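with the sequence up front, the predicted model follows.
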Amino acid sequence: MSSPRIYSQAYLTADASTVPESIAIAGQLGYRYVGLRLMPNAPGAPHQRLLGDKALMRETLSRMADTGVGVFDLEIIRIAEGFDVSAYLPLFEAGAELKASAVLVAADDTNEARLVDHYAQLCEAMQPYGMTADLEFMPWTAVKNARDALRVVDAAGRPRNAGILVDALHFGRSDTSLADIAALPPALLHYAQICDAPATNAQGSTQLSVDDMIHTARCERLLPGEGVIDLRGLFAALPADLPVSVEIPNHVRARPVGDLAWSGQALAASRSLLGR
């Protein structure tokens, strides 16, 4: 009999909650972990307050101890042309205190040689803090598919804390194949994100613009089983024991019911589709 999957509540699934609130929700619902967005994904964008707040850190650690819920991943590091790894030291320090496992990394620099160099620098800087640097491919970034992600990680020398993050949405909307997923070395896979999505945009077109894809990613994902992504094929191609981050923002459906109810629906749908 296979062991139960490990599930983590991603930031975007409960993005109206503070850090302690998100941990409490996860504990109530049966998630093992949470993901936290402690740095914005764009200037001025929403994120959770924690960095530099010692009282809130104490409250967070207390809530973790009370619930048994850990922190799996932190967001977000974006590697652009002027990347400065020192700007992320507060995130690394908080991650070490929270005993986080991974940091999500996005690639915005289209100069691949420079991107590779900065990714290698990031991995080296993060090693003392005990976290992996998980590069997420997204079709509107400089790392558009799983092949791109593997090429960058390999060119960086495949550092011991390197990783590749597979998000079901980006698998479904990039030119990544199941064979590409199966070809990813298991040592580089630390977790994967689950959600579903429709085949079309709001106007019914299958020709998705970058704005369409970003809108779905941040605001309008579907519960597993409601869309067209081959989730069963995807997770069959990934290691069976890989932790699953449930990342399903849907502002229209989640806002009226609140984070607790929506995150519960998201977990139930994920478990139902994956079978455990």
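Cool, got the structure.

pLDDT below threshold where in the stretch 1-150 of the chain?
1-2 (pLDDT under 70).

and if we set it to 80?
1-3 (pLDDT under 80).

just the strands in it please.
7-9, 33-37, 70-79, 102-107, 132-136 (DSSP state E, counting those that start in this stretch).

among these, which is the most enclosed?
Among those, ranked by average contacts under mean count of other CB atoms under 10 Å, first place goes to strand 7-9 (a mean of 27). Where C-beta positions appear, they are placed from N, C-alpha and C, glycine not excepted.

partner strands of that strand and their direction?
With DSSP bridges as the test, strand 7-9 is paired with strand 33-37 (parallel), strand 244-246 (parallel).

name the residues that touch the shortest one?
Outside strand 244-246, the residues that touch it by CB atoms under 8 Å, 6 or more residues apart in numbering are 5-10, 13, 31, 35, 72-73, 191-195, 235, 263, 266-267, 270, 274.

one more: the first one?
Counting contacts by CB under 8 Å, 6+ apart, the residues outside strand 33-37 that touch it are 6-12, 14-15, 19, 22-23, 26, 46-48, 50, 69-76, 98, 100, 104, 243, 245, 247.

kindly report the same for stretch 195-205.
So stretch 195-205 is contacted by 167-169, 172-173, 206-209, 212, 216, 221-229, 231, 246-248 (CB under 8 Å, 6+ apart).

out of these, list just those in strands.
Among the contacts of stretch 195-205, the members found in strands (DSSP state E) are 167, 246.

just the buried residues of the contacts of stretch 195-205.
By neighbour count, with 16 or more other CB atoms under 10 Å, the contacts of stretch 195-205 hold 167-169, 172-173, 208, 212, 216, 221-224, 226-227, 229, 231, 246-248 as buried.

residue 147 is nearest to which of the strands of the stretch 1-150 of the chain?
Closest approach to residue 147 among these (CB to CB): strand 132-136, 12.3 Å.

sounds good, over and out.
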